[in-house]
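>>> Have a look; sequence and predicted model below, questions after that.
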Amino acid sequence: MYFFIVVALAAFPFLVGAVPVENSRRKPRNRRVDPQQSCLLKKIKGGFKAYEHNTDVPHPLAPKLGHLDKRSAPGNVSLTDSSPWLWYGTIQVGNPSRNILVGEHIYDPSNSSTTKDLGLSNGTLMFGYGNVTGNLFTDTVNVGGFEASNQTLVVASNVTQSVYLLDSGADGILGMAFSGRFSQNNRSTVFETLVDEGQLPEPVFGTILAESNSELIIGGRDSGRFKGNLSLIPCLHFNTDTMQAFWQTKLDNITINGNDTQISNKEVIIDTSSPLIIVPCNTAVNASIVFGGTAFKISPDIFNRGPVMPGSDSCIGGFAAFPVQAGDPAPGFWIIGDVFLKNVYTEFDYGNVRVGFATLA
C-alpha cells in the first residue's frame, strides 16, 4: 500500500506507520526558533544514547555534547518540503499494495499476505520532542522501484503529540541512518536491507532538497541534476565492528561575503534540520561552506529565514549556536542542515562510507 513518509536522512532506521492524530496548526516560524534548536539537540542526544545501547561504547561525539538536551537504473522518489524539519515522498508497503492518502489511513498488517508479526511490542524511536512506540513486523517495502522483501516496521500504537510528523501530513518515518544504530531494537534501515538483498546497482543514495523538484535517488546518482564533479569526503569515526552512526564528516572552512571566518576543520553531522542565527533583514548574506576543497554557495534567499516576528527588522539566518549551560563544554561538532543541503546535490555513499556534494544544475 502507498503511504506518504518522512525521509529522515541522518536519524532513524525504521519505517513507521502512524496512528491517525488530529493535526494541529503549525506555529509561525519565528515562534519555533528555540524549540527547533532544543528538538534538534534532543534528537542528536537520543541518537548517542541508542548508539551506546546497541554497541556498548559511547559515540565519539557524545562527550562533547555535555548536558545538552532487482537490479536496474537508480530509482527516484519525488520529495516535498512539508516543514522546516520534514521531507516526504511515496513508497509502497505490503502485498497487495493499497493506496493510502496522506493523514487519512494507517498501515494494517492484516491486509498484507507478506507481513510477519515478530511478537515484539517494544519498537521505539525518538523524533522531534517526543517518541513513537509500537509492535514490530516485517513486510515488503518498495521504494523507487526497489523491493526490500523482509523489512522491519514499527506499527505505531503511540505517537506523542510533540513528534513533528503529526502536523506534517505524513503517515510515517523512513530513516536513512547507518545500520540501525539509532533504534533501541537494532534493526536494519530500508536502504541497508536493499543493499543486503542485492537490490541496488550501487550502495548509494542521493538527495536534492531544492525549492522545487526535490528527489531521493536510490542505487546510483542523477548526473543530470548537478554540475561538475562530486566533492567526496570520507565519513569520520567509522568502525567495522560498531558501524557508523551519523553521516558525519569534516568541513574545511566557512566564508561570509567572501571573508574567511576562521572557522575551519570542524566535525559536522549532515542532517535535514535547520540551525539558525539572527541577522539584519536588509543584509544580503553570501555564505559558502567548503567541503573537500570546493566552496558551495548558500543562496541568500535560502539563508534568510524571515523576520523574527512580524514587522521586525531582524531576520532569522541559516546558522545557530548551541545553547550551552554554565560549566558545560561547548559541543565539538556542527550540524549541517537543509539551509545548506537545499543548495547542493548530496550523495550518501554507504559502500565507501563517504558523503559527496555538487552544485545543482
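Arrived safely. Numbering: from 1, shown residues only.

>>> Which stretches in the stretch 101-250 of the chain count as helices?
For the stretch 101-250 of the chain, the helices defined by DSSP state H, counting those that start in this stretch occupy 190-196.

>>> Please enumerate the strands of it.
Counting by DSSP state E, counting those that start in this stretch, the stretch 101-250 of the chain has strands at residues 116-127, 130-143, 146-159, 173-175, 204-208, 214-218, 226-234, 248-256.

>>> out of the ones you listed, which comes closest to residue 57?
strand 248-256 (15.8 Å; CB to CB). Just so you know, the C-beta spots here come from the backbone N, C-alpha and C atoms, and that holds for glycine as well.

>>> Let's see the pLDDT reported for residue 89.
Residue 89 carries a pLDDT value of 59.

>>> and what of residue 198?
In this model, residue 198 is scored at 94, pLDDT.

>>> can you count the residues close to it?
A total of 8 residues lie near residue 198 under the criterion other CB atoms under 10 Å.

>>> quick one: contacts for the closest residue to residue 210 other than its chain neighbours?
Ranked by CB to CB, 6 or more residues apart in numbering and with sequence neighbours excluded, the top spatial neighbour of residue 210 is residue 342, at 5.9 Å. Residue 342 makes contact with 209, 210, 211, 299, 302, according to CB atoms under 8 Å, 6 or more residues apart in numbering.

>>> Was I right to think residue 353 contacts residue 235?
Yes. Counting by CB atoms under 8 Å, residue 353 does reach residue 235; the two are 4.8 Å apart.

>>> Which one of the contacts of residue 342 is nearest to residue 141?
For the contacts of residue 342, the nearest to residue 141 is residue 209 (22.0 Å; CB to CB).

>>> and the closest one, how far is that from residue 337?
10 Å (CB to CB, to the nearest Å).

>>> neighbour-wise, which of these two wins?
More crowded of residue 209 and residue 337, by other CB under 10 Å: residue 337, with 26 against 23.

>>> Any regions of the stretch 101-250 of the chain where pLDDT drops low?
Within the stretch 101-250 of the chain, the stretches with pLDDT under 70 are 101-106, 125-130, 160-170, 179-186, 237-245.

>>> Per the annotation, how does the protein divide into domains?
Domain segmentation of the chain under automatic domain parsing yields 2-29+71-218, 224-360.

>>> Am I right that residue 293 is in contact with residue 251?
No. With contact defined as CB under 8 Å, residue 293 does not count as touching residue 251 (11.0 Å).

>>> Which of those two has more residues huddled nearby?
Comparing residue 293 with residue 251 by other CB under 10 Å, the one with more neighbours is residue 251, at 20 against 9.

>>> Would you check that that one makes contact with residue 261?
No. Counting by CB under 8 Å, residue 261 is not a contact partner of residue 251; they are 11.1 Å apart.

>>> how close does the residue lying closest to residue 200 once chain neighbours are set aside get to residue 206?
Using CB to CB, 6+ apart and skipping residues adjacent in sequence, the residue nearest residue 200 is residue 219, 3.8 Å away. Computed as CB to CB, the residue 219 to residue 206 distance reads 10 Å.
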